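> I would like the atomic coordinates for the input below:
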Amino acid sequence: MNEIQARELIVKYSSDFTDRYTKGYGSIIIRVDNDTYLMSKPGLVLDTIKNSDIRLYDIKTGDAGKLLSSRRDINVMIFACTEPSALYSSTAKLMKPALYDLAGLVGQDVRVAEDTTSKQLLAALKNRSGCLVRGKGIFSVSDNMKDAVSIVKIIEKSIEAEMYGSKIGGIKHLTDEEAIRTNRLHNSMYSNVNSGGQVDFVNISQDEFKIRNDMIDCSHKLKYLGLFHGSWGNMSVRLNSQEMLVTPSAMEYANIRTEDIVKVDINTLEYEHIQRVPSSEFDLHAAIYRAHPEWNAIIRTHSHGLSVFAAAQAGFRISDPGLHAILGDVSASKHVEPHTPEFINSVLTALENNSICVIANRGPIFCAENLDDASVMADAIEETACNMLGYGESLIKSDLPEDN
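Next comes the predicted model:
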C-alpha cells in the first residue's frame, strides 16, 4: 500500500463512524510501509476526517510508531472517544462479553489500559484486538481497516449495553467458556471467507435480477440508518417455494454486487459453490421460511438499542394498538449458543406469535411479507428501543441542585 491509497482508506472508513445518537472523537492510524505510518489529527470528530487532517510519520516516532514496530501483525489502529466509552472506562476494571459479536471479534474480555503509552496498550491488547483506555475511550487494532472499525463499533455497543441495561433488568454475560468457543469459531468461520475475486452469474431471470438489486439497495439504506455496519447484518428474500436469496458472509455491503447474492435451497440448504458463501445465519432464515409461509423477507440487524435488549435477553410490548395488531410484541429468545439446532428452535419458538424477535445475546430479527415492510419495521422498532432506553440523553449526571 502506498501513501495515497492509505490516505484514501482513512477518509473512506471515517464515514462509518456516523451515528444517529453518539458522536465519536479520536484518530485513525495506518501503516504505510516498514518505515512510515499515517495518523489523523487527534481529537477530530471521526466521521469528518479529511485528507488535509492526515500526516505522515516516521515509524520510529511516537507511541503509535512503537506499537506498530512491536506488533508486525497490526496495520491499523483506531482511538475513539464517545461519551459512554469515556464514562465507562473511567471506572471499569474489565468488560466481559454480553454480546457474542464482542467475544468473536475481540476475545474473552476487554481489558483497560491505564493510559495511551505503548507499554500499557500492548499489555491490555495481549491476545485481544481491542481495549479500553482509562477515562478516554476505545482502542482497536487489526491487520485491516474493516475489522478495526468493527471492533470499535462492537466495543461501543457493549459499553452501551453495560450502561443502559440496568433500565431493563440488567444484562446477562456469556460464560468464559462460551466466549472462548465463540472467538475460536469466529476466527475459523470468517477468516478469508468470500475474499476472492468476482464470481460469475448463476442463471437468473429478470425478476430475480431485480430482487437482487433491491436487496443491495435495501442494505445501503439500512447502513445509512445505522442498522447495518460494514459486513454486519444479513437479509434474505423468498424467491419461490423452494429457494431464497441471501446476502453473502463477511462482505462489506458497500462492495456487494448483484452476482454476490446467494441462491439457496430452503429445504436442503444446498447452493451452487460457484457462488459466494452465504451468511452464517442462512440456515436460520431457511428454517423461518419453512415454518412461516406467510413471510417472504427477513432482516437481521446489528443496531444499538436493540442490542441492549439482546444483552439483557429481554423483549418489550408494542403499546400502539394498530402496530401491535400487525406485529405482535417484540419477543426475546432463550439463551442458546449459536449455530446449533437448539439455537434455531429457540428463535422459532420466539417467533410463533410475533414477527420480531430479539435473539438473546445477539440482536434483532425482523420477518415480513416483503423487504420494504421488514426494513420499515427494523428502523421503527430500533428507534422505539432507543427512546425507551434514553439514547440521545446525556449520561453525565449533573451535580447541580434541582430548582424548587
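> make it CA atoms for all contacts and neighbour counts henceforth
Fine.
> stretch 81-92: which residues count as buried?
81-90 (16 or more other CA atoms under 10 Å).
> pull the CA atoms of that stretch into PDB?
What follows is stretch 81-92, C-alpha atoms only, in PDB (Å, rounded to 0.1, in the frame of the first residue of the first chain):
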ATOM      1  CA  CYS A  81     -13.800   8.500  22.400                       C
ATOM      2  CA  THR A  82     -17.600   8.700  22.900                       C
ATOM      3  CA  GLU A  83     -19.500   9.900  26.000                       C
ATOM      4  CA  PRO A  84     -20.400   6.300  27.000                       C
ATOM      5  CA  SER A  85     -16.900   4.900  26.500                       C
ATOM      6  CA  ALA A  86     -15.200   7.800  28.400                       C
ATOM      7  CA  LEU A  87     -17.600   7.400  31.300                       C
ATOM      8  CA  TYR A  88     -17.500   3.600  31.400                       C
ATOM      9  CA  SER A  89     -13.700   3.300  31.100                       C
ATOM     10  CA  SER A  90     -13.100   5.800  33.900                       C
ATOM     11  CA  THR A  91     -14.200   3.100  36.500                       C
ATOM     12  CA  ALA A  92     -14.300  -0.200  34.700                       C
END
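> re earlier: turn the buried residues of stretch 81-92 into a markdown table, including pLDDT.
Formatted as a markdown table, these follow (pLDDT from 0 to 100):
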| residue | pLDDT |
| --- | --- |
| Cys81 | 97 |
| Thr82 | 96 |
| Glu83 | 95 |
| Pro84 | 95 |
| Ser85 | 97 |
| Ala86 | 97 |
| Leu87 | 96 |
| Tyr88 | 97 |
| Ser89 | 97 |
| Ser90 | 97 |
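> can you give me the strands in the stretch 201-350 of the chain?
234-238, 243-246, 262-265, 297-300, 330-332 (DSSP state E, counting those that start in this stretch).
> swap in the stretch 51-200 of the chain?
54-58, 76-81, 112-113, 130-133, 137-142.
> packing partners of the third one?
Here strand 112-113 touches helix 118-124, strand 130-133, going by 3 or more CA pairs under 8 Å, 6 or more residues apart in numbering; DSSP states H and E.
> out of these, indicate the one that is most buried.
strand 130-133 (a mean of 31; mean count of other CA atoms under 10 Å).
> so what strands line up beside that one?
In the sheet, strand 130-133 lines up against strand 112-113 (parallel), strand 137-142 (antiparallel) (DSSP bridges).
> export that strand to CSV, keeping only CA atoms.
Extracted in CSV, the C-alpha atoms of strand 130-133 (Å, rounded to 0.1, in the frame of the first residue of the first chain):
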residue,chain,number,x,y,z
GLY,A,130,-9.3,-4.1,21.3
CYS,A,131,-9.2,-2.5,24.8
LEU,A,132,-10.4,0.4,26.8
VAL,A,133,-8.2,3.4,27.8
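> chain center to that strand: distance?
17 Å (CA atoms, centre = their mean, to the nearest Å).
> ok, residues contacting it?
85, 89, 106, 110-116, 121, 124-125, 138-141, 151-152, 155 (CA atoms under 8 Å, 6 or more residues apart in numbering).
> can you rerun that using 6 Å?
Outside strand 130-133, the residues within contact range by CA atoms under 6 Å, 6 or more residues apart in numbering are 106, 110-115, 138-140.
> now it: average pLDDT?
Over the span of strand 130-133, the pLDDT mean works out to 98.
> how about stretch 189-199?
79.
> and the gap between Glu342 and Leu222?
As for Glu342, its distance to Leu222 is 29 Å (criterion: CA to CA, to the nearest Å).
> so for those two, which residue has more residues nearby?
A direct count of neighbours by other CA atoms under 10 Å for Glu342 and Leu222 places Leu222 higher, at 23 against 14.
> ok, the more buried one - contacts?
So Leu222 contacts Phe228 (CA under 6 Å, 6+ apart).
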